[in-house]
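> got a structure for you, letters missing:
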Ligand code: URA
């Protein structure tokens, strides 16, 4: 299928990634090695949206490739998917200094990229990883301790807030909760007849 500019979704996603790599919408652009646009299947039913690139992601330009990325990948495989089946991105695309929390102005500057990717991919399910993605995409007042694992339907998309894999790597209890919530993602999809649709 082509869009108005005679582009396939693959072309549209890649051209967006090129624009993100050149983005200078906020000051984080000055300190980055490279921006990390996000990557995966343009026909993905599920998107995973994290917080921001870390050291390794900044060096290599791919999302979730450090320790929390390995954990995320193992959970994706645990529910019967591969990284290539899903799309993985972040709320902000440039590494904050020393991995500090993203600031509101940085999230605002990067928001348009996330919405453009959602438009192109049109996933059925978006799993937010950590509070920044949850507060940006679902509800600014939501608390992760209460909301994790509970799906929220919004604009025809099922959003499922999950703990961030990095937080879960540091706290054994959160790790078990995250693994259980992730398995529930599959159950929720199957219950809605959305598993393996594309
Ligand atoms: N943490 C994130 O939130 N995103 C990444 O890409 C890597 C680590």
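Sure, I can see it. All values derive from a computational prediction rather than experimental measurement.
> Phi and psi next, for residue 88.
phi -120, psi 120 (degrees, to the nearest 10).
> residue contacts, it?
38-40, 47-48, 50, 63-64, 72 (C-beta atoms under 8 Å, 6 or more residues apart in numbering). The C-beta positions use only the backbone N, C-alpha and C, and glycine is treated the same way.
> does the most centrally placed residue in the chain sit in a helix or strand, and which one?
For the chain, the residue nearest the mean C-alpha position is residue 49 (1.3 Å; C-alpha atoms, centre = their mean). Using DSSP states H and E, the element containing residue 49 is strand 46-50.
> what about that strand and the ligand, any contact?
Yes: applying C-beta under 6 Å from any ligand atom, one finds strand 46-50 touching the ligand at residue 50.
> What residues sit buried inside that strand?
Residues 46-50 are the ones in strand 46-50 that count as buried (16 or more other C-beta atoms under 10 Å).
> Now that strand: average pLDDT?
Mean per-residue pLDDT for strand 46-50: 97.
> Does residue 50 touch residue 131 like I think?
No: judged on C-beta atoms under 8 Å, residue 50 makes no contact with residue 131 at a distance of 11.1 Å.
> Name the residues contacting each of these two.
With C-beta under 8 Å, 6+ apart, residue 50 and residue 131 have common neighbours residue 164.
> and residue 152, what are its phi and psi?
According to degrees, to the nearest 10, residue 152 has phi -130, psi 120.
> Use 765 as the first number for this chain going forward.
OK, 765 is where the count begins now, so the last one is residue 916.
> In contact with the closest residue to the ligand within the chain, which residues?
Nearest residue of the chain to the ligand, counting by C-beta to the nearest ligand atom: residue 814, 2.9 Å away. Residue 814 is in contact with 827-828, 832, 836, 852-855, 893-894, 897, 928-929, counting by C-beta under 8 Å, 6+ apart.
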